[in-house]
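In: need a structure here:
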Amino acid sequence: MAVSIRRVIISCRNIYPLIGTSRPVSHFAASSYFLRAACDLRPDLSSSPAIGFLFESRRSFAKARKKWDDDDNDELGVANGDAGSRIEIVNIGPIIKSTAISEMEAAIDAVSNELSKLRTGRASAGMLDHIIVETGGVKMPLNRMAVVSVLDPKTLSVTPYNPNALKELEKAIVSSPLGLNPKPDGERLITAIPPMTKEHMQAVCKVVAKSCEDAKQRVRRARQKAFDSIKKSLPKKSEGKNKGKDKENIKAKTVSGFSTDDAKRLEKEVEELTKKFTKSAEDICKAKEKES
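Out: Numbering: from 1, shown residues only. I've put the predicted structure just below:
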């Protein structure tokens, strides 16, 4: 018992001086202290040949990446120090021209398909394409069920892929507004083109004239659309004045690279295309009028 009391007294003599000289320390300060101590005790890994190679490679990669970014910025015309900025230069001219050509070709194809449905005094393989045939509860165009060929300027031959659908084909042709009366001939139908009346010829001419005008209007709309795209692609005058203000906000910018001379040259090409496709529409309509 006496020994235990003596040990307690000795412990108190050692603890009281420590308590008197101590000061309150937060857990944040303590964590920072121990972190610095741990860093001081960390071995110098860069002195190792293998680990040092990794440190040098990482620094070299960072320098090369920065140099690559700077070179790209200079090539793309980005101002000094605009790291991360990108300006993409796009040649918009071929895109505008190809779009105009596609729309004009679509207009010519539309008028050609429309006129092929008209019955004239001359037999045409496409004059039956728009007829819808119903077989087995399914409706589909005639040109997907049979082959239409021209035997002579006044006679058509309709040969079905499935001979069992011959009656359905005959019924569909008779029901069409073309006024045709096909006759069975073995596994095919022979369709004679009757002569056109004066009233029918006049009606066909009106339809041809309207279809021609519609095609030319579509061609002109494609031209106007191309002109509008060219105008929008030209750099605006205010862009030069505000260049300094917008410089800080540039992150990814697309520039058309389009000059006034390029715009004039492209407008001239689009105008030539307009004349070419307009003449094509007129030629198709004139050929159809001659058939009637």
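In: From Gln217, how far out is Leu166?
Out: 42 Å (Cβ to Cβ, to the nearest Å). Any C-beta I mention is one placed from the backbone N, CA and C, and that applies to glycine too.
In: Please say which of those two ends up with more neighbours.
Out: Leu166 (20 against 12; other Cβ atoms under 10 Å).
In: the longest helix in the protein is where?
Out: helix 198-233 (DSSP state H).
In: Can you list the buried residues in that one?
Out: Buried residues in helix 198-233, counted by 16 or more other Cβ atoms under 10 Å: 200, 204, 207-208, 211-212, 215-216, 218-219, 222-223, 226-227, 229-230, 233.
In: And for stretch 133-146?
Out: Those would be Val133, Thr135, Leu142, Met145, Ala146, for stretch 133-146 by 16+ other Cβ under 10 Å.
In: quick one: the strands in this protein?
Out: 86-89, 132-135, 138-141, 146-152, 155-160, 183-185, 188-192, 252-255 (DSSP state E).
In: any idea of the mean pLDDT in stretch 170-187?
Out: For stretch 170-187, mean pLDDT is 87.
In: For that stretch, give me every contacting residue.
Out: 119, 127-128, 131-134, 142, 158-160, 163, 166, 169, 189-194 (Cβ atoms under 8 Å, 6 or more residues apart in numbering).
In: Mind doing that once more with 6 Å?
Out: Arg119, Ile131, Val133, Pro163, Leu189, Ile190, Thr191 (Cβ atoms under 6 Å, 6 or more residues apart in numbering).
In: Just give me the closest of these to Leu266.
Out: The closest of the contacts of stretch 170-187 to Leu266 turns out to be Arg119 (Cβ to Cβ; 42.7 Å).
In: give me the number of residues near the closest residue to Thr135 other than its chain neighbours?
Out: Once flanking residues are discounted, Thr135 sits nearest to Glu168: 4.4 Å by Cβ to Cβ, 6 or more residues apart in numbering. Using other Cβ under 10 Å, Glu168 has 17 other residues around it.
In: can you list the weak-confidence ranges in the stretch 51-200 of the chain?
Out: 51-90 (pLDDT under 70).
In: just so I have it, where are all the helices in it?
Out: 93-116, 166-175, 198-233 (DSSP state H, counting those that start in this stretch).
In: hang on, the earlier thing: reformat the buried residues of stretch 133-146 as a markdown table; add distance to Asn113.
Out: Listed next are these as a markdown table, based on distance: Cβ to Cβ, whole Å:
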| residue | distance to Asn113 |
| --- | --- |
| Val133 | 18 |
| Thr135 | 24 |
| Leu142 | 14 |
| Met145 | 18 |
| Ala146 | 18 |
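In: Okay, the nearest residue to Cys212 once chain neighbours are set aside and Ala209: tell me how far apart.
Out: Among residues not flanking Cys212 along the chain, Cys285 sits closest, at 3.8 Å (Cβ to Cβ, 6+ apart). From Cys285 across to Ala209, the span is 7 Å (Cβ to Cβ).
In: same question, Val150
Out: Distance from Val150 to Ala209, counting by Cβ to Cβ: 26 Å.
In: Glu269 now?
Out: 29 Å.
In: try His130
Out: Distance from His130 to Ala209, by Cβ to Cβ: 20 Å.
In: cool, Glu282 as well?
Out: 11 Å.
In: With Val147 instead?
Out: Applying Cβ to Cβ, the value for Val147 to Ala209 is 32 Å.
In: Looking at the strands of the chain, spot the one closest to Ile96.
Out: strand 252-255 (14.8 Å).
In: average pLDDT for that closest one?
Out: Strand 252-255 comes out at a mean pLDDT of 46.
In: now, which of the buried residues of stretch 133-146 sits nearest Phe277?
Out: When those are compared for distance to Phe277 (Cβ to Cβ), Leu142 wins out at 29.5 Å.
In: Would you check that that closest one makes contact with Leu128?
Out: Yes - between Leu142 and Leu128 there is a contact at 5.2 Å, judged by Cβ atoms under 6 Å.
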